[in-house]
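Q: below is the structure, and that's it, no one-letter string:
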């Protein structure tokens, strides 16, 4: 959440654009592991289970931890 979103702990991303354009989606490139970059990945994976993610090793480790928190075991 942004600073002005008092009392809000989580913001659920809107992935409807990705869903509507799934046939055009080749993959998702993650440049680094900051929460604002990886926070939506569990939601994207639920809506688009066949999407491929491309990232570096450090971001991969952060993403793996984030998915583990959400109960998602396999991201490969």
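A: Yep, that arrived. All values reported here derive from a predicted model rather than from experimental measurement. Numbering: from 1, shown residues only.
Q: now the helices for this structure?
A: In the chain, the helices defined using DSSP state H lie at 16-20, 35-38, 41-47, 57-69.
Q: list the contacts of stretch 63-76.
A: The contact list for stretch 63-76 (Cβ atoms under 8 Å, 6 or more residues apart in numbering) reads 30, 33, 38, 39, 41, 42, 45, 53, 55. In short, each C-beta sits where N, CA and C put it, glycine included.
Q: hang on, the earlier thing: what's the most buried one of the helices of the chain?
A: Most buried of the helices of the chain, by mean neighbour count (mean count of other Cβ atoms under 10 Å): helix 41-47, with a mean of 17.
Q: just to revisit the earlier point, can I get the helices of the chain in TSV with mean pLDDT?
A: Listed next are the helices of the chain as TSV, based on pLDDT from 0 to 100:
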stretch	mean pLDDT
helix 16-20	93
helix 35-38	82
helix 41-47	88
helix 57-69	90
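Q: closest to residue 5 out of these?
A: helix 35-38 (13.3 Å; Cβ to Cβ).
Q: thinking again about what came up before, would you list the helices of the chain in a markdown table and tack on distance to residue 8?
A: What follows is those, written out as a markdown table (distance: least, Cβ to Cβ, whole Å):
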| stretch | distance to residue 8 |
| --- | --- |
| helix 16-20 | 20 |
| helix 35-38 | 14 |
| helix 41-47 | 16 |
| helix 57-69 | 19 |
